[in-house]
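J.: Could you work out the structure for the sequence below:
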Amino acid sequence: MPVAAFTPIELINDVYATMDERIETARERFGPNLTLAEKILINHLDDRTTTPERGTSYVDLRPDRVAMQDATAQMAWLQFMTAGLDRVQVPTTTHCDHLISARIDAQHDLAAALDSNQEVYDFLESVSARYGAGFWKPGSGIIHQVVLEQYAFPGGMMIGTDSHTPNAGGLGMVAVGVGGADAVDVMTGFGWNVRWPQFIGVLLTGELSGWAAPKDVILKVAEILTVSGGTGAIVEYFGPGAASLSATGKATICNMGAEIGATTSLFAYDDAMARYLRATGREEMAGAATAVAHHLRADDEVLADPGSHFDRVVEIDLSRLEPHINGPHTPDRARPVAELGSEARLNGWPLEVSAALVGSCTNSSYEDITRAAGIARHAAAHGLRTKTPLMVTPGSEQVRATIQRDGLLGDLESIGATVLANACGPCIGQWQRDDVAEGTPNSIVTSYNRNFPKRNDGYASTNAFVTSPETVVALALAGTLDFDPATDTLTAPDGTEVKLTVGPGTELPEQGFDPGDSGFLAPPEDGREVSVRVSPDSERLQVLEPFAPWDGKDFCDLPVLLKALGKCTTDHISMAGPWLRYRGHLENISGNLYLGVVNAFTGAVGEGKNQLDGSTGPFPGVAAAYHAAGWRWVVVGDRNMGEGSSREHAAMEPRFRGCAVVIARSFARIHETNLKKQGMLALTFSDPDDYDRIGENDRISVLGLADLTPGVPVRIQVTSPDGTTLDITADHTLSPDQIEWFRAGSALNLIRRRTRD
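T.: Predicted coordinates for the structure are as follows:
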């Protein structure tokens, strides 16, 4: 099927054509009443005779498409190149959005990115053309916004190599963030192996008003479920309140569902989605979805008695929902905006706002910008300007061109805003910040999704708070965290007190969307003559060598490289920011390995003991020394190990340097899968307190690996320096297929073998 800038209606019709038979047949196995998520999963099952158990069984699914952003696409494409195929087997796109660094403004920053990243862009453009994938040039927009505008469709399924792929749930799609190896499975024509999820229902009643925004829904859900409460589950929003939200508002909520660990989030198809599809030039798609609308929502019996069909139900009354702001350092630390000032004083967080940022894949829709611009317009009419730098990131070229045409960018610029490139920028650490230095405590407010230390500007001393675009603009005008726009006033230059107003916003542009310069390049019909551009001398791109298969022996007397204390996200394991430069070069990017991890033995960050010589050094250097010595080693993690981004570098780097086993109290879903995909053992302590029993100088043996079996704990022996031993057990979630990944050395090794047989 040709790769186009829209999902072809033929593909959508093919998906809808099977729903009647597959869903009705499945009711005999799954029960008569189904959630929306169950219907979509059932329609994409590879084996339609199976009856998986929630939260336990593994299944193979057949997604309709794959999307990749430029940072993660590099490693995914390098893996795909080893598979021996001439073309991707499902529609695939590459989007250049992560490597553009924010420094001056859109024009200068894009030009600088094109200059500094040309080698990588050339590789991604050529490899996409060679293997039949669509390519979106730098400046086209953030992957998730472009996918929503071009590719997402109700009832479809996609995977994407970015944790915020669930953004497409705003159009009723099961869209899941994965590592590159998962994407390669699907691109090579194999099923996507994943555990059948549990299902969390969120009942929305009432209707938002005033300063409350769709962002506040997910900020509240994050408070309720925490950063791990959605792990292994699909979150499905329903109820009369859901129907009151725009499609892009729904996308905001689904996007940030990654912050609660959810597999994905989605809403049922409704009039708001149909309006958005028509406004983005997909009238035929809207008609097709409307024709099968009864399949694109949960059954009536589920909606009438959600407690009997979901594993957990959360209820939120939108009419009573207050504007929220979450942070710092974790996206589930929530409170109403009105309470932040007093809490900041209590905790010693600087009240002065040092920077305010609007946009990202989470909040850069036309509706978002109209609400923010309306506040700016009202403020400018009273002579008010921002008291701190305000930066605005349009989500796509289509949004940028439209808000510029409609005067909304001018409204924001009138109060002092700087418009950045259509890219991720400061949301993922691509912010060349020079107004403050590392070590200077400061507070920033963003409409982004993630706020771990160092996430936005690389500074551990920055306190990042996540809120709605409306609240960000208000706090930028106030210049302080101690400001509630719903009740407080600002003093205008003429001495009058001004209470900011926020309007309902405009859901969709009255004049339609202006596509601007779309930046889409379709691949040639036959790409076999295209030469993939990778220089053997490159410091940014490195052709991969397969990992060695398991040698059939137990892991004996492995040193502990580190024991992580507390939160250990993928940002802690493999930082973004300047390290994005090496996302296509496994050896070079391994220079950031575990640099952000807090050492449980010493409290130091990013350094530990080298068991070769007893010295202390940065973790990347210690891991490299073990690698050179031929040592395999172990990492010990705390709870929710690897939360955050989908980046598989957080698994590939340890594997490259010799990590054999990661043992944690618990894992985030994507990181656990990424470890298994790369041929490592991801184990959880059967007794979580055994985490405390692992010492810095202990040696770890993992025994009985020849008998590795699904559901059977693994035996571990811990040997202390004095020779005493401690026998413990660890659990695992390996399926029979995943045990084969381990034995083969990686899932990719199996794919390579199968495609060449």
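J.: where exactly do the strands run in the stretch 551-700 of the chain?
T.: 555-563, 607-609, 616-618, 633-637, 659-664, 681-685, 699-703 (DSSP state E, counting those that start in this stretch).
J.: Give me the buried positions along the third one.
T.: When neighbours are counted by 16 or more other Cβ atoms under 10 Å, the buried residues of strand 616-618 are found to be Pro618. C-beta here means a position set from N, CA and C on the backbone, and glycine is covered the same way.
J.: Partner strands of that strand and their direction?
T.: Taking DSSP bridges as the criterion, strand 616-618 sits next to strand 607-609 (antiparallel) in its sheet.
J.: can you list contacts of the strand it pairs with?
T.: Residues from elsewhere that reach strand 607-609, judged by Cβ atoms under 8 Å, 6 or more residues apart in numbering: 561-562, 599, 601-602, 615-619, 622, 696-697.
J.: among these, which ones are buried?
T.: Listed as buried from the contacts of strand 607-609 are 561-562, 599, 618-619, 622, 696; burial here means 16+ other Cβ under 10 Å.
J.: tell me which of these is nearest to Thr471?
T.: Nearest to Thr471 among the buried ones among the contacts of strand 607-609 is Asn599, at 36.6 Å by Cβ to Cβ.
J.: Next one: that closest one from Leu734, what distance?
T.: From Asn599 across to Leu734, the span is 29 Å (Cβ to Cβ, to the nearest Å).
J.: residues in contact with stretch 612-623?
T.: Contacts of stretch 612-623 (Cβ under 8 Å, 6+ apart): 561-562, 590-595, 597, 606-610, 625-626, 629, 631, 633, 654, 657-659.
J.: distance between the ends of that stretch?
T.: Taking Cα to Cα, to the nearest Å, the first and last residues of stretch 612-623 lie 11 Å apart.
J.: Now that stretch: average pLDDT?
T.: Stretch 612-623 shows an average pLDDT of 98 in the prediction.
J.: quick check, distance from it to the centre of its chain.
T.: Centroid separation for stretch 612-623 versus its chain: 31 Å, with Cα atoms, centre = their mean, to the nearest Å.
J.: do stretch 58-72 as well
T.: The mean C-alpha position of stretch 58-72 is separated from the chain mean by 13 Å, Cα atoms, centre = their mean.
J.: So for it, what gets flagged as buried?
T.: When neighbours are counted by 16+ other Cβ under 10 Å, the buried residues of stretch 58-72 are found to be 58-61, 63-72.
J.: repeat for stretch 724-736
T.: By 16+ other Cβ under 10 Å, the buried positions in stretch 724-736 come out as 728, 730, 732-735.
J.: Tabulate those residues (a markdown table), appending distance to Asn449 and pLDDT.
T.: Output for the buried residues of stretch 724-736, formatted as a markdown table (distance: Cβ to Cβ, whole Å; pLDDT from 0 to 100):
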| residue | distance to Asn449 | pLDDT |
| --- | --- | --- |
| Ile728 | 37 | 98 |
| Ala730 | 32 | 98 |
| His732 | 30 | 98 |
| Thr733 | 26 | 96 |
| Leu734 | 31 | 96 |
| Ser735 | 30 | 94 |
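J.: Please list the members of the residues you listed that lie in strands.
T.: In strands, defined here by DSSP state E, the members of these are 728, 730.
J.: Can you name the two of the buried residues of stretch 724-736 that sit furthest apart?
T.: For the buried residues of stretch 724-736, with distances taken as Cβ to Cβ, the pair at the greatest spread is Ile728 and Ser735 (23.3 Å).
J.: Can you check the distance spanned by stretch 201-217, start to finish?
T.: 14 Å.
J.: What residues of it count as buried?
T.: Residues 201-204, 206, 208, 211-217 are the ones in stretch 201-217 that count as buried (16+ other Cβ under 10 Å).
J.: how about low-confidence regions in the protein?
T.: The chain contains residues with pLDDT under 70 at 1-4, 757.
J.: which parts of the lengthiest helix in it are buried?
T.: Ranked by number of residues, the top helix in the chain under DSSP state H is helix 366-381. Counting neighbours by 16+ other Cβ under 10 Å, one finds that the buried residues in helix 366-381 are 366-380.
J.: Run through the helices of the stretch 151-300 of the chain in chain order.
T.: Counting by DSSP state H, counting those that start in this stretch, residue ranges of the helices within the stretch 151-300 of the chain are 180-187, 214-225, 240-243, 247-255, 271-279, 283-291, 300-304.
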